[in-house]
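Trainee: what's the 3D shape of this:
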Amino acid sequence: MRVEALSKIYKVYDNPADILLEALTRRARHRQHLALDDVSVSIGRGEVVGLVGRNGAGKSTLLKIIAGTLSKTSGVVEVNGRLAAILELGTGFHPEYTGRENVFMGGLCLGMSPSEVRAKMQSIIDFSELGSAIDDPFRTYSSGMQGRLTFSTATAVDPDILIVDEALAVGDARFQMKCFDRIRDFKRGGKTILVVSHDMNTITTFCDRALILEYGRILSDGHPRQIAQEYHRLLFGRAAPIATSAPAVAPSAPGAASLDASIAEGAQRYGDGAAAIVGFGFVDEHGARAEIIQSGARCAAFFEFRVNRDLPDWSGGFAVKDAKGTVLTGVTNKSQEDRREPLSAGDTVDCRAEMTMWLGPGDYFIGFGLAHGVAGEKIDFIDNGIHFKIMGPSGVFTNSLVNLDISADFTLRPGAKEAGDPPAATAVSSWTENR
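Mentor: This is a model prediction of the structure:
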């Protein structure tokens, strides 16, 4: 599959009547929106390529042109082989026709012959798990049912090239696993796959290569983990420093960032100013600044603060939150019964928290700062100041929030037993010990 110098310009009209007026008067009454700008990319046979980009970057436009459902403005598109595309789940299915009738029409549109559709009809129904509902009108289906039937139909074709646009989140968690398994079968079969997803864990696990599309242009092309880091910086890049009355000083800790460096977008800072955070950092097990951490890896967060007014009693700490704002864990010197000496104006203190990041794949935030020890009022606190991403183990798909590093032992006990007999007490004891 090859795309060269591909561009797509949309005509945008402020009023539908302007379309007719433009045709009659031959005077332009529209403005142009450049959705794709000189895009060139080649994908070889058997490659699995991920495409990421912010909303409006042009991802869906590119896929539609490759799939042949949208015309291009200029450029070259070459597709060699049978192509199946899952662009928008439910698109193309008639709401008044039954699920069975839509499967038949959808199969024909995907290039299958009538006999092929009839031969695969039952397997499509079985995979979608719709049962008797297959003969009900498509409009009566829930969005999840519509998505399951669309995915089942599109992947029933034996394509050389499969295009998937955000379709792997269809249905419940169990059905999502079935979708992943089917896509993995295509990958093992040497199919060319182009997948769009905002879930970087899917991209890094599935794909051999990844691309970033930004403002209609290819911004970067490389290994999925490299692209994951670049995309992370694109989404959560440098923000304006949060105002502070404290003079900026260079942090002394290796890998630390000054307050002129990146503070996570949306972070909130507050406090009475008795002390001021002047630097902070988040590093991997090697001490290098990190934005992406492998689940189960060691890492550390730290900050440095300078005292502006004497502090007879104080507390410093960290809190790790998920993307919904739920505090998952935290630590302070008080919770560790580590009472610090009173601080005097001009003192500088380093605070550091080391941890093993046993979290499931996703986006997380760390808040950090200081509070008065007695009342708990904040001295200087940056809520959600550090943003980082957890990547799951390669080849593993999970909806878990945490990684418990589970290992299991399965012991054979030879000999015939009656069905339903409980295991021997020694076996239970052995299993418990092996946990």
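
Trainee: who's in contact with the helix or strand where residue 19 lies?
Mentor: The secondary structure element spanning residue 19 is helix 17-25 (assigned by DSSP states H and E). Residues from elsewhere that reach helix 17-25 (CB atoms under 8 Å, 6 or more residues apart in numbering): 13, 27-30. For every residue, glycine as well, the C-beta is placed using N, CA and C.

Trainee: and the two most separated of those?
Mentor: Across the contacts of helix 17-25, the two members that end up farthest from each other (CB to CB) are 13 and 27, 13.0 Å apart.

Trainee: Mind checking the pLDDT average for whichever helix or strand comes after the helix holding residue 19?
Mentor: Following the chain from helix 17-25 toward its C-terminal end, the next helix or strand by DSSP H and E is strand 31-42. Per-residue confidence for strand 31-42 averages out to 92 on the pLDDT scale.

Trainee: could you give the angle of the helix or strand just after strand 31-42 to strand 31-42?
Mentor: Going down the chain from strand 31-42, the next helix or strand is strand 48-52, by DSSP H and E. Orientation check (axes from the mean of the first three to the mean of the last three CA atoms, to 10 degrees): strand 48-52 against strand 31-42 gives 150 degrees.

Trainee: Which strands and helices lie in contact with whatever helix or strand comes next after strand 48-52?
Mentor: Towards the C-terminus, the helix or strand next in line after strand 48-52, according to DSSP H and E, is helix 59-67. Of the remaining helices and strands, those touching helix 59-67 by 3 or more CB pairs under 8 Å, 6 or more residues apart in numbering; DSSP states H and E are strand 2-12, strand 31-42, strand 48-52, strand 83-86, strand 161-165, strand 192-196.

Trainee: Now render those strands as a markdown table, adding distance to residue 176.
Mentor: Below are the helices and strands packed on helix 59-67 laid out as a markdown table (distance: least, CB to CB, whole Å):
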| stretch | distance to residue 176 |
| --- | --- |
| strand 2-12 | 29 |
| strand 31-42 | 28 |
| strand 48-52 | 17 |
| strand 83-86 | 14 |
| strand 161-165 | 13 |
| strand 192-196 | 14 |
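
Trainee: Please name whichever of the ones you listed is nearest to residue 105.
Mentor: Taking CB to CB as the measure, the helices and strands packed on helix 59-67 were each checked against residue 105, and strand 83-86 came out nearest at 14.9 Å.

Trainee: avg pLDDT for the closest one?
Mentor: The predicted model assigns strand 83-86 a mean pLDDT of 82.

Trainee: how is the chain carved up into domains?
Mentor: The chain breaks down into these domains under automatic domain parsing: 40-234, 236-391.

Trainee: export those to TSV and tack on distance to residue 5 and mean neighbour count?
Mentor: As requested, the domains of the chain are exported to TSV (distance: least, CB to CB, whole Å; neighbours: other CB atoms under 10 Å):
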stretch	distance to residue 5	mean neighbour count
domain 40-234	5	18
domain 236-391	29	17
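
Trainee: for the stretch 51-200 of the chain, what spans make up the helices?
Mentor: With DSSP state H, counting those that start in this stretch as the criterion, the stretch 51-200 of the chain has helices at 59-67, 99-109, 114-128, 143-156, 173-188, 200-206.

Trainee: Alpha carbons only: can I get the fifth one in CSV?
Mentor: Once side chains and other backbone atoms are set aside, the C-alpha atoms of helix 173-188 remain, and they are given as CSV (Å, rounded to 0.1, in the frame of the first residue of the first chain):
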residue,chain,number,x,y,z
ALA,A,173,-14.5,-6.4,28.0
ARG,A,174,-15.0,-10.1,27.0
PHE,A,175,-16.0,-9.2,23.5
GLN,A,176,-13.1,-6.8,23.2
MET,A,177,-10.8,-9.8,23.9
LYS,A,178,-12.5,-11.7,21.1
CYS,A,179,-11.8,-8.7,18.8
PHE,A,180,-8.1,-8.6,19.9
ASP,A,181,-7.8,-12.4,19.2
ARG,A,182,-9.2,-12.0,15.7
ILE,A,183,-6.9,-9.2,14.9
ARG,A,184,-4.0,-11.2,16.3
ASP,A,185,-5.0,-14.1,13.9
PHE,A,186,-4.8,-11.6,11.0
LYS,A,187,-1.3,-10.5,12.2
ARG,A,188,-0.1,-14.1,12.5
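
Trainee: can you state the direction angle for that helix and helix 143-156?
Mentor: Angular relation of helix 173-188 and helix 143-156 on a 0 to 180 degree scale: 20 degrees, by the same axes, to 10 degrees.

Trainee: Just checking the distance from helix 173-188 to the centre of its chain.
Mentor: Helix 173-188 has its C-alpha centroid displaced from the chain centroid by 17 Å (CA atoms, centre = their mean, to the nearest Å).

Trainee: For it, the averaged confidence score.
Mentor: What helix 173-188 shows for mean pLDDT is 81.

Trainee: relative to strand 161-165, how tilted is that helix?
Mentor: For helix 173-188 against strand 161-165, the angle by the same axes, to 10 degrees is 150 degrees.

Trainee: same for helix 173-188, what does it pack against?
Mentor: Taking 3+ CB pairs under 8 Å, 6+ apart as the contact definition, the neighbouring helices and strands of helix 173-188 are helix 143-156, strand 161-165, strand 192-196, helix 200-206.

Trainee: rerun at 7 Å
Mentor: Under the contact criterion of 3 or more CB pairs under 7 Å, 6 or more residues apart in numbering; DSSP states H and E, helix 173-188 touches helix 143-156, strand 192-196.

Trainee: repeat for the shortest one
Mentor: Here helix 200-206 touches strand 48-52, helix 224-235, strand 378-391, going by 3+ CB pairs under 7 Å, 6+ apart.

Trainee: one more time with 6 Å, if that's ok
Mentor: The helices and strands touching helix 200-206, judged by 3 or more CB pairs under 6 Å, 6 or more residues apart in numbering; DSSP states H and E, are helix 224-235.

Trainee: tell me how far the helix it packs on is from the chain's mean position?
Mentor: If you compare the mean C-alpha spot of helix 224-235 with that of the full chain, they lie 11 Å apart, counting by CA atoms, centre = their mean.

Trainee: could I have stretch 3-20 exported to CSV, CA atoms only?
Mentor: Output for stretch 3-20, consisting of C-alpha atoms alone and laid out as CSV, is shown next (Å, rounded to 0.1, in the frame of the first residue of the first chain):
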residue,chain,number,x,y,z
VAL,A,3,0.4,6.9,-0.6
GLU,A,4,2.3,9.7,-2.2
ALA,A,5,1.8,13.5,-2.0
LEU,A,6,-1.8,13.0,-0.9
SER,A,7,-3.8,16.1,-0.1
LYS,A,8,-7.5,16.6,0.7
ILE,A,9,-9.2,20.0,0.8
TYR,A,10,-12.8,20.3,2.0
LYS,A,11,-15.0,23.2,0.9
VAL,A,12,-16.7,24.7,4.0
TYR,A,13,-19.9,26.7,3.4
ASP,A,14,-21.5,28.9,6.1
ASN,A,15,-24.9,28.4,4.6
PRO,A,16,-26.3,25.5,2.5
ALA,A,17,-27.7,28.0,0.0
ASP,A,18,-24.2,29.2,-0.8
ILE,A,19,-23.6,25.9,-2.6
LEU,A,20,-26.3,26.8,-5.1
